[in-house]
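Participant: task: produce atomic coordinates for the following.
(chains A, B, C and D)
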Protein chains: 2
Amino acid sequence: MAKNAGDDARSAGELAEAATELRVTLYRIVRQLRTAQSALEITSSQSVVLDRLVTDGPATVAALARAENVRPQSMRVTLAALEERGMVERSPHPTDQRQVLLSVSAELEQQLAVIRSLKEDWLARSMAAKLGRAEQDALLAAIPLLRRLLEP
Amino acid sequence: MAKNAGDDARSAGELAEAATELRVTLYRIVRQLRTAQSALEITSSQSVVLDRLVTDGPATVAALARAENVRPQSMRVTLAALEERGMVERSPHPTDQRQVLLSVSAELEQQLAVIRSLKEDWLARSMAAKLGRAEQDALLAAIPLLRRLLEP
DNA sequence: TATTGTTATACTCTATAACTATA
DNA sequence: TATAGTTATAGAGTATAACAATA
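Facilitator: All right, here's what the predicted structure looks like:
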């Protein structure tokens, strides 16, 4: 009758201690990512929104805010920065005049692909330089698990 | 003569794309961690410094800044907040009058252990509720790999 | 009345620049 | 001169509160 999907449960203390280690490490990595600027010279927050728009297509401010778990007011600031730099375009919603659809321009989308293939970011370079193939696999295997934690 | 420690190298494009996925996911998790407040009601940044002090013992502002890869001025702000709340104490360096040693009070250290064992934080709860034992193991296996990426 | 978007304001984290005190 | 610490200031990211326009 365990709440876990697995069999033998880890003790609460063990898991909590491990979670602290994980939390601290994740925080340090993300801080490093923030200072190691991307080729596009955009911030992490902007990069994540662009990725969302590329992956899921055009969306409204409210929808993006819900998807990224931030307030619409906060998402608006990020989008305004991207819009000011011409990376994101806005168009009216076809039927609902309240809504505004945000989208990534075709040129930028292509540019993003090029940049990724050049692996100009700190994370890709570090993974290539410091981890072996099996270790890279182990690290990437954590991605879907982290995503599961974010699910409602 | 691969730069990698492993054998068959991943293509640059593959790795860069995977790195983008990882980066975006890590950012989302850390953002979630920031809003899901800890039992101590301290910020992530403060929590990481406390963890460092508990793990490595008393240290100076400059040493903590180096260890956490931030500027001394930034570390000072974090430490000032912890000091104001009585979580961190300062004592003069025995020989060098310029330096100030920061340490966690004994009471707080004990309190931290209790809090961890109660697994009151979002990450531990999510891992327990959403991942099985093997998945937890897979996720925790990523910790040392992420740490390696942070090494100089 | 509920939803979308917006403006105003504030707090945290981090940075750079410039300063003081000690080594 | 170099190092430790500090003060001042600024920008990014996020939050809450209050408001306007539309559904």
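
Participant: drop to CA atoms for contacts and neighbour counts, all remaining ones
Facilitator: Will do.

Participant: got the contact list for residue A:44?
Facilitator: Under the criterion of Cα atoms under 8 Å, 6 or more residues apart in numbering or on different chains, the neighbours of residue A:44 are A:33, A:34, B:27.

Participant: does the second one touch residue A:43 like I think?
Facilitator: Yes. Residue A:34 is within contact range of residue A:43, at 7.0 Å (criterion: Cα atoms under 8 Å).

Participant: in a strand, residue A:40, correct?
Facilitator: No. Membership of residue A:40 in a strand is not supported by DSSP: H, G, I helix; E, B strand; the rest coil, which gives coil.

Participant: residue contacts, it?
Facilitator: Neighbours of residue A:40 in contact, by Cα under 8 Å, 6+ apart: residue A:115.

Participant: okay, it and chain B: tell me how far apart.
Facilitator: Residue A:40 sits 13 Å away from chain B when distances are taken as Cα to the nearest Cα, to the nearest Å.

Participant: now do residue A:39
Facilitator: Going from residue A:39 to chain B by Cα to the nearest Cα gives 13 Å.

Participant: what comes up buried for stretch A:30-43?
Facilitator: By 16 or more other Cα atoms under 10 Å in any protein chain shown, the buried positions in stretch A:30-43 come out as A:30, A:31, A:32, A:33, A:34, A:38, A:43.

Participant: near DNA strand D, list only the ones from those.
Facilitator: Checking those against DNA strand D by Cα under 7 Å from any atom of the strand, the ones in range are residue A:43.

Participant: inside helices: which ones of the buried residues of stretch A:30-43?
Facilitator: Judged by DSSP state H, these include A:30, A:31, A:32, A:33, A:34 as members of helices.

Participant: and which of those is nearest residue B:136?
Facilitator: Closest approach to residue B:136 among those (Cα to Cα): residue A:30, at 20.8 Å.

Participant: which helix or strand contains the spatially closest residue to that closest one that is not a sequence neighbour?
Facilitator: Nearest residue to residue A:30 in three dimensions, chain neighbours excluded: residue B:27, at 6.2 Å (Cα to Cα, 6 or more residues apart in numbering or on different chains). Using DSSP states H and E, residue B:27 sits within helix B:12-35.

Participant: from the chain's centre, how far out does that helix sit?
Facilitator: In terms of Cα atoms, centre = their mean, to the nearest Å, the centre of helix B:12-35 is found 17 Å from the chain centre.

Participant: other SSEs contacting it?
Facilitator: Where contact means 3 or more Cα pairs under 8 Å, 6 or more residues apart in numbering or on different chains; DSSP states H and E, helix B:12-35 is packed against helix A:12-35, helix A:44-56, helix A:106-117, helix A:122-130, helix A:142-150.

Participant: ok, and what's touching the third one?
Facilitator: By that I understand helix A:106-117. Identification of contacts with helix A:106-117 by Cα under 8 Å, 6+ apart yields A:39, A:40, A:54, A:87, B:12, B:13, B:14, B:16, B:17, B:20.
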